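Q: Could you work out the structure for the sequence below:
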Amino acid sequence: MTTRPDKSSERTAPSGDELFGAAATEYARFRPGVPDAAVRLLAATLHGVPAPVLLDLGTGTAQVPRALLPVVPRLAHIHLVDINPGMLARAMADLKPVLGTCTVSAHTGQAHTFVPQTPERRPDLITCCRAFHWVERPAVLRMADRLATPRAAVAIMGDGSLWTHDADWTKALRELIQSYLGQDRRAGVRGTYAEPGRSYEDDLADSAFSDVSDHRFPVSRAWTPESVVGYLRSTSFAQPGLFADRHEEFEAEARQLLETYAHEGVLREEAVFTVLMARRPGAAS
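A: Sure, this is the predicted structure:
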């Protein structure tokens with residue numbers, strides 16, 4: 001099964017504020033983390049690297065670095081890249097207590113334009129979690145080829161969203177959102193999504209990182225109606241700004257809907273977290 005991203009129909013990349021507004025608090029609190037098995041897979045790519053450097057693209061609130069630091073305490077430096085300054089500020093604040101001797105730098109801007117402030121800090125691992133659909137994918141992979149160390153790995157990760165998840169309660173929730181915002185999935189305040197004709201695997205096959213392995217980790221999550229509402233505030237397809245003066249009305253209706261589907265207050269999500277682990281041919285040998 002191929003991994004097909006959503007793609008914005010807008011020709012120019014929207015800004016971080018247009019996509020997620022001031023969503024850093026909800027993002028940090030309600031977005032699901034990275035499964036432990038996926039974290040161990042990422043850590044294994046750094047085996048034998050004495051002072052590894054991580055580049056995390058579309059970092060959000062730094063979920064990937066925060067998950068890796070306890071497992072790879074010898075991390076020497078972390079590059080954070082995001083187009084949303086509020087997300088980066090929250091990421092830096094959340095990382096500070098757990099950094100130890102690791103250093104960190106934040107870069108506001110589009111992923112493919114990233115240039116390290118210190119050229120010697122070349123990444124040994126480049127990660128992009130639930131964000132590859134937001135970036136200029138071929139340009140990002142060319143950037144990765146220019147900057148990464150010879151044996152570096154690129155990890156493209158994700159597990160869809162509650163918009164794409166196929167369950168009775170998510171279908172009903174999606175229909176409710178559509179009743180307020182229209183049938184097309186919104187991409188922040190500027191545009192909508194259109195189904196792309198190219199998979200992540202195709203992007204990687206045409207890049208320097210064409211040696212790809214596909215890793216899939218089943219994940220079972222328990223949501224509450226309130227945590228789902230909080231999660232929606234952090235998304236590009238249901239952020240508060242899309243509803244104008246009807247947002248409170250929408251949230252009240254969403255809570256009522258979700259309560260009817262919850263069993264003893266719990267809404268179940270059975271997802272699959274996918275990691276496409278890519279290297280240059282021969283780099284892993």
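Q: Output the below-cut-off pLDDT ranges for the stretch 1-150 of the chain.
A: 1-22 (pLDDT under 70).
Q: could you show me where the strands are in it, in order?
A: Listed in chain order, the strands of the stretch 1-150 of the chain (DSSP state E, counting those that start in this stretch) span 7-8, 53-57, 77-82, 103-108, 125-129.
Q: so who does the nearest residue to residue 90 once chain neighbours are set aside touch?
A: Closest residue to residue 90 apart from its sequence neighbours, by CB to CB, 6 or more residues apart in numbering: residue 24 at 4.0 Å. Every C-beta, even on glycine, is put in place using the N, C-alpha and C of the backbone. Residues near residue 24 by CB atoms under 8 Å, 6 or more residues apart in numbering: 61, 84, 86-87, 89-90.
Q: Would you mind putting the residues you listed into a markdown table with distance to residue 264 and neighbour count alongside?
A: Listed next are those as a markdown table, based on distance: CB to CB, whole Å; neighbours: other CB atoms under 10 Å:
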| residue | distance to residue 264 | neighbour count |
| --- | --- | --- |
| 61 | 30 | 28 |
| 84 | 36 | 25 |
| 86 | 36 | 18 |
| 87 | 34 | 27 |
| 89 | 38 | 15 |
| 90 | 33 | 20 |
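Q: out of those residues, who's nearest residue 38?
A: residue 61 (17.2 Å; CB to CB).
Q: Look up phi and psi at the closest one.
A: phi -100, psi 30 (degrees, to the nearest 10).
Q: give me every residue that touches it.
A: Contacts of residue 61 by CB under 8 Å, 6+ apart are 24, 27-28, 31, 87, 90-91, 94.
Q: ok, those residues vs residue 175, which is closest?
A: Of the contacts of residue 61, the one sitting nearest to residue 175 (CB to CB) turns out to be residue 31, at 22.8 Å.
Q: For residue 166, see how far away that closest one is.
A: As defined by CB to CB, to the nearest Å, residue 31 lies at a distance of 20 Å from residue 166.
Q: which of these two has more neighbours?
A: residue 31 (18 against 8; other CB atoms under 10 Å).
Q: For that one, give me its contacts.
A: Taking CB under 8 Å, 6+ apart, one finds 60-61, 63, 231, 234 in contact with residue 31.
Q: Check those residues against residue 112 and report the nearest one.
A: Checking the contacts of residue 31 one by one against residue 112 (CB to CB), the nearest turns out to be residue 60, at 17.5 Å.
Q: can you count the residues close to the closest residue to residue 101 other than its chain neighbours?
A: Excluding its sequence neighbours, the residue lying closest to residue 101 (CB to CB, 6+ apart) is residue 76, at 8.0 Å. Residue 76 has 16 neighbours, counted by other CB under 10 Å.
Q: same thing with residue 222?
A: As a measure of burial, residue 222 has 10 neighbours, counting by other CB under 10 Å.
Q: repeat for residue 213
A: 12.
Q: Kindly format the C-alpha coordinates of stretch 157-170 as PDB.
A: Taking only C-alpha atoms (Å, rounded to 0.1, in the frame of the first residue of the first chain), the coordinates of stretch 157-170 have been written out as PDB:
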ATOM      1  CA  MET A 157       6.400   9.400   9.200                       C
ATOM      2  CA  GLY A 158       2.700   9.700   9.800                       C
ATOM      3  CA  ASP A 159      -0.600   8.100  10.700                       C
ATOM      4  CA  GLY A 160      -3.200  10.200   9.000                       C
ATOM      5  CA  SER A 161      -5.500  12.300  11.100                       C
ATOM      6  CA  LEU A 162      -9.000  12.100  12.600                       C
ATOM      7  CA  TRP A 163     -10.200  13.500   9.200                       C
ATOM      8  CA  THR A 164      -8.900  10.500   7.300                       C
ATOM      9  CA  HIS A 165      -9.500   7.800  10.000                       C
ATOM     10  CA  ASP A 166     -12.300   5.400   9.100                       C
ATOM     11  CA  ALA A 167     -14.600   4.900  12.100                       C
ATOM     12  CA  ASP A 168     -18.200   5.600  12.800                       C
ATOM     13  CA  TRP A 169     -17.500   8.500  15.100                       C
ATOM     14  CA  THR A 170     -14.800  10.100  12.900                       C
END
